[in-house]
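In: sequence plus predicted model, see below.
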Amino acid sequence: MEYVLRTTGIGKYFYEPEKFKVLDAINLEVKRGEFLSLIGKSGCGKSTLMYVLSTMDTDYEGELEISGERLTGKDQNFLAAFRNKHIGFIFQFHYLLPEFTALQNVMIPALKLGKYSRKEVEERAYEKLNILGVKDQALKATSKLSGGQQQRVAIARALINDPDIIMGDEPTGNLDSYNTQLVFDMLEELTHTYKQTIIAVTHDEEFARKSDRVVEMSDGRIVRG
């Protein structure tokens, strides 16, 4: 079985208002094509762990490896380029540029990557929008789309560079129950049909229960999963 992400002994401290260990000896292995939900009460360390796993936070103890690349100790320029190529992000709020069309928003990370021509990037963007069921909204400004449509455009943007992992921080936290189910179904299809690896922080117990694997944290440690 191929592992796309591994951590060994990840630890992290906060120093305000006093020294406090927020992550303690985190050992985690994530298989390629797995849909993993990271749960736990507020303050348990799950969002902090997500920032470490995403390479945004480099102030930690231990080792992080993604797609066979040891990322601990790499400089910020290397990590920024690595993220753009290997990690897609979905947040609670979609962070789309409202004056740009859905198509333009999806194209941005691929244009930045510089691997494909503009025409190829546009074709790829249409393909991702089609997978997410919003191809017919491609030429609309994202400010004109519904909340559920905006989040699906954001997922298409996360997919544009065919990342090894999609990391979601409360990806359905801002959606009603109908759109939550819709987005979950699409994430599930991405893992089961396209073998996309997804790691999602969530407070939604039903979302977590339906994913392939639940990892529960408490007091900075993994207690289940």
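Out: Sure, I can see it.

In: and stretch 51-59, end to end?
Out: The first and final residues of stretch 51-59 sit 10 Å from each other (Cα to Cα, to the nearest Å).

In: buried residues of it, list them for me.
Out: Within stretch 51-59, the residues that count as buried by 16 or more other Cβ atoms under 10 Å are Y51, V52, L53, S54, T55. For the C-beta atoms, the positions are set from N, CA and C on the backbone; glycine is no exception.

In: quick one: residues in contact with the longest helix belonging to the chain.
Out: In the chain, assigned by DSSP state H, the helix with the most residues is helix 177-194. By Cβ atoms under 8 Å, 6 or more residues apart in numbering, the list of residues contacting helix 177-194 from outside reads 33-35, 131-133, 146-148, 151-152, 155, 159, 166, 168, 171-172, 175, 196-198, 200, 204, 207, 210-212.

In: for PyMOL, what selects the buried ones among the residues you listed?
Out: Restricted to buried positions by 16+ other Cβ under 10 Å, the PyMOL selection for the contacts of helix 177-194 reads:
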select buried, resi 33+34+35+131+132+148+151+152+155+159+166+168+171+172+175+196+197+198+200+204+207+210+211
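
In: now, which of the contacts of helix 177-194 lie within helices?
Out: Those of the contacts of helix 177-194 lying in helices (DSSP H): I131, G147, G148, Q151, R152, I155, L159, F207, K210.

In: surely the first one meets A158?
Out: No. With contact defined as Cβ atoms under 8 Å, I131 does not count as touching A158 (11.7 Å).

In: for Y15, grab the count of nearby residues.
Out: 7 (other Cβ atoms under 10 Å).

In: pass me the low-pLDDT residue ranges in this structure, would you?
Out: Counting by pLDDT under 70, the chain contains low-confidence ranges at 1.

In: beta partners for the residue positioned nearest the centre of it?
Out: Relative to the mean C-alpha position of the chain, the nearest C-alpha, by Cα atoms, centre = their mean, is the one of M167, at 1.4 Å. Counting by DSSP bridges, M167 is bridged to F89, I199.

In: how about stretch 183-192: buried residues?
Out: Residues V183, F184, M186, L187, L190, T191 are the ones in stretch 183-192 that count as buried (16+ other Cβ under 10 Å).

In: if we take those, which one ends up nearest to I39?
Out: Nearest to I39, judged by Cβ to Cβ, of the buried residues of stretch 183-192 is F184 at 14.5 Å.

In: what's the distance between that closest one and G68?
Out: Distance of F184 to G68, given as Cβ to Cβ, to the nearest Å: 30 Å.

In: which stretches of the chain form strands?
Out: 3-14, 20-31, 35-39, 61-66, 69-70, 87-91, 165-169, 197-201, 213-218, 221-224 (DSSP state E).

In: could you dump the ones in helices among the contacts of helix 177-194 to CSV with distance to F91?
Out: Putting these into CSV (distance: Cβ to Cβ, whole Å) gives the following:
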residue, distance to F91
I131, 19
G147, 13
G148, 15
Q151, 9
R152, 14
I155, 11
L159, 15
F207, 15
K210, 20
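
In: between these, which is nearest L23?
Out: L23 has its nearest neighbour among the ones in helices among the contacts of helix 177-194 in F207, at 23.0 Å by Cβ to Cβ.

In: which residues does the closest one contact?
Out: F207 sits next to S37, T172, T180, F184, A200 when contact means Cβ under 8 Å, 6+ apart.
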